[in-house]
Each structure stands twice: as structure tokens, then as C-alpha cells.
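Undergrad: give me the fold of what follows.
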Amino acid sequence: MGNNRQVDQDSRVGFESNEGQSERSSKVGKGKRLWKKVKYQLVEYHMLPGYLRDNEFIIGHYRSEWPLKQVLLSIFTIHNETLNVWTHLIGFFLFLSLTIYTAMKVPKVVDLNSLQYLAEILKKADLHKLHSELLACLPSLPNIPDLQRLREELTNSLPSMDLLSSPSTWHIFELLTNCLPERLFHINHTDDFVLRSVKEDMGNMTAPLMTTPITRWPFFAFLGGAMFCLLASSTCHLLACHSERVSYIMLRLDYAGIAALISTSFYPPVYYSFMCSPFFCTLYLGFITFLGIGTILVSLLPVFQKPEYRVIRASLFLGMGLSGIAPILHKLILFRNRPEALHTTGYELLMGAFYALGALIYATRIPERWMPGKFDIAGHSHQLFHVLVVAGAYTHYRAGLVYLRWRDMEGC
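TA: Sure, this is the predicted structure:
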């Protein structure tokens, strides 16, 4: 009996011991899970390591030294960098779409006023007689489309520009400019006057349309610089919180992107304004290119990213932008009577205003300095700076389209 009692006591002790061990292990497991949750929670400014402290007026919602997987997934969560990431990521896809559109559509853009004038000319001509003259001139081409149908297609297609891609349209243009002079002496004075008028007017209009569009590389260089800047900025704001080394690399990439955007923004206005003056074209392009490279090299210095050098950073990039005043003034003097010069300058001034306002907001940290902690998630200076950069770059894109249309129509 005594032995049985002892066994029962030992069993109870063992069971209680195992139960206690199980409870302790359960508590440890819960503690680990809780620590995991706490570890990836957002922290306040005073808890950040020194390399992540940049703006003391943004009090909370920071990510600090998260694993790479968690950092990447944080693109879909709310923190004080969420809008910094998405404003420029959306801007990147916007400019990617504009680049594709430009490559596919812009070479076909011509002066709409000229095409409307072309429709008026065709309305005044005796199209049946004109068609007969063309067939008599080139009897080997019996499938020339009826000019009445061409006139209707042209009038209906002006808004969409689809007619310009029609091979039959270009055949008519070529026939009118090359064939009609050989037949003019066979017709009476009235018809001769009409056909000469048609031939001369259409020849003047179709000459620039039949030429090869001017080179696009300066325009695509700007679009490439804009996409690089926007993607580099978005990547920097997403990944910089991972570690000190990653933060160092990402910040240099961000500064290089800003310098690339400013430098390549000069390429379309300088090249297309001075393409007929190689000396000034090379001078201005070379200057801004070397200035951009110098800015990138300076940005590689570790001291460049310290918060106390915020104003110097903004001033350096602002100085790059202001260096464009010289070629713009030169362009205005050289083409003071051209509406295209005034049109593009208006766009460029608006672009400069967007960039300057963005740099000012970035340097002064408005509005969060007025109400610290109130703009941690949305509305702080860096987000406003990002929006203004995208607006300025898009404004410059619109100016580039004016340059292309101008030079495509006239050349040098």
C-alpha cells in the first residue's frame, strides 16, 4: 500500500512538472510572437538610429531597421513614407506611358491648321476634272482613289489624324505636286488657275510633311531622366529604413536621379532651339551635362546627407535649374518673333516655378514645422515636393511636344 501511494505521488509530481513546463513553453512561444509583432511596429522619431533621423517635425509612424521582406511588403501599409513611395511610383508609370505614346504617335503629329486649310483647298477644286487629269497623267495607276472620297475622308479624319497614316493620301499628295504641271497646258484658263492654286498650296504644305521627322534623342533623354529620377526616389523611400548601408546607397541613388532629371530637362529646349547653331548647342549641352555630373559626385560625399545640409542640398539643385536662364533668354532673343519660342518659354517658366516651389517647401519643411506630428502620414513637405516635381516634369513634356512640332514642320 505504501509503495502504491508513493507511485501516485510521483505521478502527480511528474504530471504537474510536465504541465508547468508546457505552460512555460507556451508563454515563451507567445512572447516570441508578441516580440515579432512589436519588432515590426512603427516607432517614433526619438527611437530612430542616427542615420534615419532627418526631420524632427515628423514625430511618429517610422519604420526602423526592418528585414527586407517586411520592408518590401510595407509598400502596401500605412506609414510616414507611404505617400512618398506612391507619389513618385505613380509618376514613373505616368512617364513610362508618355514615353510609349511619344514613340508611337508623336512622329505623326502635324500642324492641324495646315490640314484644315488643305480641306478648304480640296473643296474649291473641280475634283472630277482633277481626277481625270491624274488618270490621264498616270494611266498605269488605275486604282487611284476618287478625290471626292479623299476630300470626305480628310474632312472627317482631321480630329483623329488617322488619315495621315493612309498610303493613298500620300499618293495623292505626290501626284498633285509631281504630275499636274505636265498636264496644265491641256486645259482652259479657269481650270489652269484652279489647278495651279491647288498645286502650289499643297506643295507648300506637303513639303514639310513628307520629310523625315527630326531626331528624337534629346526628348527621349529627358523622358529617361524623368523615369530614372522618379523610380530611384520611390525605391529610396521604400528601402532606406532597412539598414545604414542600404540607406547610404539609396540616398546617393536618389540624389543622382534628381541631378539626372534636371540635366536632361535642358536637352530638348537647348537642342531644338539651337540645332541650327552647333556652337551654342554644344556649349549649353556640355555645360549642363558637366554640372549634372559634378552634382552627382558631390552628392556621393557622406556629409551631403546630414540634416543640417538640407538647405545646401536644395540650393545646389536649385542652382542647376537656374543655370537654364541663359539658354532661355538666348532663345527668346534669337526667335523673338516666333510664337513657338513664347509658347515653350511659358511652359518652361511654369516648370521652373513648380521646381522652385518644391525646393523651397523641402528646405523649409512646411507645413509640418508649424504643427509637428499633425502631418506624419499625409501632407508633409516631402510629399508636396514629390507632387510638384511630377507636375514640373509633365509641364516640360508639354513644352517638348511644341519643340518637336516646330522643328518637324520647319527644320533649321
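
Undergrad: okay, CA-based contacts and neighbour counts for the rest of this
TA: OK.

Undergrad: which positions within the host helix or strand of Ser263 qualify as buried?
TA: Take DSSP states H and E as the rule and Ser263 turns out to sit in helix 244-265. In terms of neighbour count (16 or more other C-alpha atoms under 10 Å), helix 244-265 has its buried residues at 247-248, 250-265.

Undergrad: for that helix, name the packing helices and strands.
TA: helix 217-239, helix 278-299, helix 310-322 (3 or more C-alpha pairs under 8 Å, 6 or more residues apart in numbering; DSSP states H and E).

Undergrad: for the ones you listed, which one ends up most surrounded?
TA: With neighbours taken as mean count of other C-alpha atoms under 10 Å, these reach their highest mean count in helix 217-239, at a mean of 23.

Undergrad: and the angle from that one to helix 244-265?
TA: 160 degrees (axes from the mean of the first three to the mean of the last three C-alpha atoms, to 10 degrees).

Undergrad: elements contacting helix 217-239?
TA: Packing contacts for helix 217-239, counted by 3+ C-alpha pairs under 8 Å, 6+ apart, involve helix 68-73, helix 82-105, helix 244-265, helix 267-273, helix 381-410.

Undergrad: list the contacts of the first one.
TA: Read that as helix 68-73. Tyr40, Leu238, Leu239, Cys241, His242 (C-alpha atoms under 8 Å, 6 or more residues apart in numbering).

Undergrad: closest to Leu388 among those residues?
TA: Leu238 (19.6 Å; C-alpha to C-alpha).

Undergrad: how about the contacts made by Tyr255?
TA: Ile296, Ser299.

Undergrad: flag the shaky bits of the stretch 251-400 of the chain, pLDDT-wise.
TA: 305, 308, 310 (pLDDT under 70).

Undergrad: domain ranges for the protein?
TA: 70-102+216-410, 110-210 (automatic domain parsing).

Undergrad: just checking, Phe375 touches Ile58?
TA: Yes: look at Phe375 against Ile58 with C-alpha atoms under 8 Å: they come within range, at 7.0 Å.

Undergrad: mutual contacts of these two, please.
TA: What both Phe375 and Ile58 touch, as defined by C-alpha under 8 Å, 6+ apart, is the set Glu368.

Undergrad: of the helices and strands packed on helix 217-239, which is nearest Leu334?
TA: Using C-alpha to C-alpha, these put helix 267-273 closest to Leu334, at 8.9 Å.

Undergrad: who's in contact with the closest one?
TA: With contact meaning C-alpha under 8 Å, 6+ apart, helix 267-273 is reached by 218-219, 221-222, 281, 284-285, 327-328, 331, 400, 403-404, 407.

Undergrad: export it to CSV, keeping only CA atoms.
TA: Taking Å, rounded to 0.1, in the frame of the first residue of the first chain, the C-alpha atoms of helix 267-273 are listed here in CSV:
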residue,chain,number,x,y,z
TYR,A,267,18.3,68.7,-73.6
PRO,A,268,15.1,69.3,-75.6
PRO,A,269,15.0,73.1,-75.3
VAL,A,270,18.7,73.6,-75.9
TYR,A,271,18.9,71.1,-78.8
TYR,A,272,15.8,72.1,-80.6
SER,A,273,16.3,75.8,-80.1
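
Undergrad: that one: which residues count as buried?
TA: Buried residues in helix 267-273 (16+ other C-alpha under 10 Å): Tyr267, Pro268, Pro269, Val270, Tyr271, Tyr272, Ser273.

Undergrad: could these go into a markdown table alongside distance to Leu322?
TA: Below are the buried residues of helix 267-273 laid out as a markdown table (distance: C-alpha to C-alpha, whole Å):
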| residue | distance to Leu322 |
| --- | --- |
| Tyr267 | 15 |
| Pro268 | 16 |
| Pro269 | 14 |
| Val270 | 14 |
| Tyr271 | 18 |
| Tyr272 | 19 |
| Ser273 | 18 |
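
Undergrad: and which of the residues you listed is nearest Pro307?
TA: Tyr267 (31.7 Å).

Undergrad: any idea how far Met275 is from that closest one?
TA: 11 Å (C-alpha to C-alpha, to the nearest Å).

Undergrad: what's the answer for Phe385, then?
TA: From Phe385 to Met275 the distance is 33 Å (C-alpha to C-alpha).

Undergrad: more crowded one of the two?
TA: Phe385 (24 against 16; other C-alpha atoms under 10 Å).

Undergrad: shouldn't that one be in contact with Ala363?
TA: No: the criterion here is C-alpha under 8 Å, and Phe385 misses it with Ala363 at 9.8 Å.

Undergrad: right, I'll leave it there.
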